[in-house]
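*Asks:* No sequence on hand, only this structure:
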């Protein structure tokens, strides 16, 4: 049976990262954009944890915890803003958020 | 002695800066008095230095500070007061003190009174640097400084078109010559490795003759510009547009003699290349005759005196070219006194006649202007070289030099010119001061100048009379640094024939001028008389058509070439390049401003694109470092 090694985790991480990136680029819904960034961050967390295990060094896993904490607070703040925005404009479509037009 | 040296050098600068403080304010008498007093101080310091040198103390040599020091190049601000430079210092400070005091009266009604004194003192400072410097670099600074001040002062009445034109002409002509001078200085540095006079001249005898010849030629080109020798002479006559004290100080007594000073200063060089010396002497003799001939017919009082200056500069170059450096310097000194006097006298006449310059419109002024009349007559006698005035000793000496050195053609030319000099000088005197009072036709009431102006002129008068008696003292002093060759005609009979012959010839010329121009029936020429329509007169009054030729064959083609370059090179290449660069950036900005749409989604896409680009760059770089050896091998295989 095939042993699941570091490479598999890294490939998974890369696939997730790509999905997240595409999501960031394509999604027009702000909520979906947050999901996409969560995928991005978690893909990075996977590679942190996998590499940390590979080297037997806990630093990477600790870093992953930090990332989770930051991601949680980011989403909390982001969602708050999002709700305010939705109350004010009644939609959360990115294409309408262009008050900073140059 | 150093204290006196610095005082002599820097008090004109202080005076200039002081007057400059009042530059923009209306006439302030003190702006004229303080610079004059400071120049008097400078004159006293110079006199003390002269006395010290005369009493046998050696030259004073100081090094004020280092100016440039880089590698082997070492140029200090050094000053030397030796027998040669002290002569120049005396001439410069004396004449400029006189001219400053005189100008307080002359510029009395001028709006630019304060500005005038600032420029004039700045000129004296530059001139002092020129003559006192102990190296070619300092000489060049002074050289350019006097050029600048000359430009400022010729164009002093800048609202007059002709004045600005003359100022620019003088400046540009001098620039042309200065380029030659600069090349000469470079050659000196290149070949001797130093710009200090002493070391440079000491190194010269071991150099090749060709190199020395080029040095001599290029340095002399510089001298030709400053001393207005043919073919760069046209600016001097036009420079008479400036105020008369300027003409007296700069364009007669001091600056124009800088060329002679340069040749005298560089005598060890010119001693080694006698061929160039002969050329200088020949050119000098030619200019002496050439300028004197133009003075014969000119109807502008100041221009006549300017041509006479040019002619006398020719005499000086003859002496310098033939190796009689001390004679050149002696004539320089004597000439400065009587020529400045002549100019200042002309200034008085101009004032009396309300800036009228045509002597044909004057006449009979000796009654109204007795003091000026006496001074100008004596100055003219001195210029003509009648015994026992200054001109006799210095000018006859040059004739003797030419005779003793067996240059009979030069001698004949100079002798003939001496006659012409006497003629045109007394033509001027006769037309201005004698004969019918023609000015009455023009409703002018002449008046004598201020008394203090006449008193200020009197030292020059005194020196114009007695300068000749210093000849032997001067000879002994100055020949400690210059070659001490005395010029005596061997047989005393020849000597007496020459001297008396010259005197008679000159006296005859004077009498002829008097007879011709004191007649009662002299009219203001109106271009109808037979003489005025003769070819020779037209040739002379148009200055041999040289200014015309310059205008037609130099200025106009140059202008055309310039405008051609302007439209084809400047606009189409230089401007186009600069504009093109600006245009490119403008275009890029125009094209890429769409990136800043304010849409978050588009910005995120650009962010991703940027990340990808940077990542791929990092990957490419990392790979190329890893496979560096293989890449090199591959490239060398391709023959790169």
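*Replies:* Looks like it arrived, so ask away. Here the structure is a predicted model, which is why all the values come from computation and not from measurement.
*Asks:* Near residue B:212, how many other residues are there?
*Replies:* As a burial measure, residue B:212 scores 20 neighbours (other CB atoms under 10 Å in any protein chain shown). Backbone N, C-alpha and C define where each C-beta goes, glycine included.
*Asks:* With the one 5 residues further on instead?
*Replies:* When neighbours are counted by other CB under 10 Å, residue B:217 registers 17.
*Asks:* Quick check: chain neighbours aside, which residue is closest to it?
*Replies:* residue B:276 (6.3 Å; CB to CB, 6 or more residues apart in numbering or on different chains).
*Asks:* Where does that neighbour fall, secondary structure wise?
*Replies:* helix B:274-297 (DSSP states H and E).
*Asks:* tell me the angle the helix or strand just after that helix makes with helix B:274-297.
*Replies:* As assigned by DSSP H and E, the chain's next helix or strand after helix B:274-297 is helix B:301-321. If you take axes from the mean of the first three to the mean of the last three CA atoms, to 10 degrees, helix B:301-321 sits at 160 degrees to helix B:274-297.
*Asks:* For helix B:301-321, the averaged confidence score.
*Replies:* In this model, helix B:301-321 has an average pLDDT of 92.
*Asks:* Please state the offset of the helix or strand following it from the chain centre?
*Replies:* Next in sequence after helix B:301-321, counting helices and strands by DSSP H and E, comes helix B:325-352. Relative to the centre of its chain, helix B:325-352 is centred 15 Å away, using CA atoms, centre = their mean, to the nearest Å.
*Asks:* If you count contacts, what does helix B:325-352 end up packed against?
*Replies:* Applying 3 or more CB pairs under 8 Å, 6 or more residues apart in numbering or on different chains; DSSP states H and E, one finds that helix B:325-352 contacts helix B:83-106, helix B:244-248, helix B:258-265, helix B:301-321, helix B:370-384, helix B:390-404, helix B:451-466, helix B:471-478.
*Asks:* any chance of these in a markdown table, with mean neighbour count and distance to chain A too?
*Replies:* Formatted as a markdown table, these follow (neighbours: other CB atoms under 10 Å in any protein chain shown; distance: least, CB to the nearest CB, whole Å):
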| stretch | mean neighbour count | distance to chain A |
| --- | --- | --- |
| helix B:83-106 | 26 | 67 |
| helix B:244-248 | 28 | 64 |
| helix B:258-265 | 26 | 66 |
| helix B:301-321 | 28 | 70 |
| helix B:370-384 | 24 | 81 |
| helix B:390-404 | 25 | 84 |
| helix B:451-466 | 19 | 76 |
| helix B:471-478 | 16 | 81 |
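*Asks:* Make JSON lines out of those helices and add distance to residue B:584.
*Replies:* Formatted as JSON lines, these follow (distance: least, CB to CB, whole Å):
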{"stretch": "helix B:83-106", "distance to residue B:584": "58"}
{"stretch": "helix B:244-248", "distance to residue B:584": "53"}
{"stretch": "helix B:258-265", "distance to residue B:584": "52"}
{"stretch": "helix B:301-321", "distance to residue B:584": "57"}
{"stretch": "helix B:370-384", "distance to residue B:584": "69"}
{"stretch": "helix B:390-404", "distance to residue B:584": "69"}
{"stretch": "helix B:451-466", "distance to residue B:584": "67"}
{"stretch": "helix B:471-478", "distance to residue B:584": "68"}
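*Asks:* quick one: contacts for the residue nearest to residue B:217?
*Replies:* By CB atoms under 8 Å, 6 or more residues apart in numbering or on different chains, the contact set of residue B:276 is B:213, B:216, B:217, B:220, B:270, B:321.
*Asks:* One more: residue B:98?
*Replies:* Neighbours of residue B:98 in contact, by CB under 8 Å, 6+ apart: B:340, B:344, B:456, B:457, B:459, B:460.
*Asks:* If we use 10 Å, what do you get?
*Replies:* B:36, B:39-40, B:43, B:245, B:248-249, B:253, B:337, B:340-341, B:344, B:453, B:455-460, B:463 (CB atoms under 10 Å, 6 or more residues apart in numbering or on different chains).
*Asks:* any idea which residue sits dead centre in chain A?
*Replies:* residue A:38 (2.5 Å; CA atoms, centre = their mean).
*Asks:* Secondary structure class of it, three-state.
*Replies:* helix (DSSP: H, G, I helix; E, B strand; the rest coil).
*Asks:* shouldn't it be in contact with residue A:19?
*Replies:* No - with contact defined as CB atoms under 10 Å, residue A:38 does not count as touching residue A:19 (11.2 Å).
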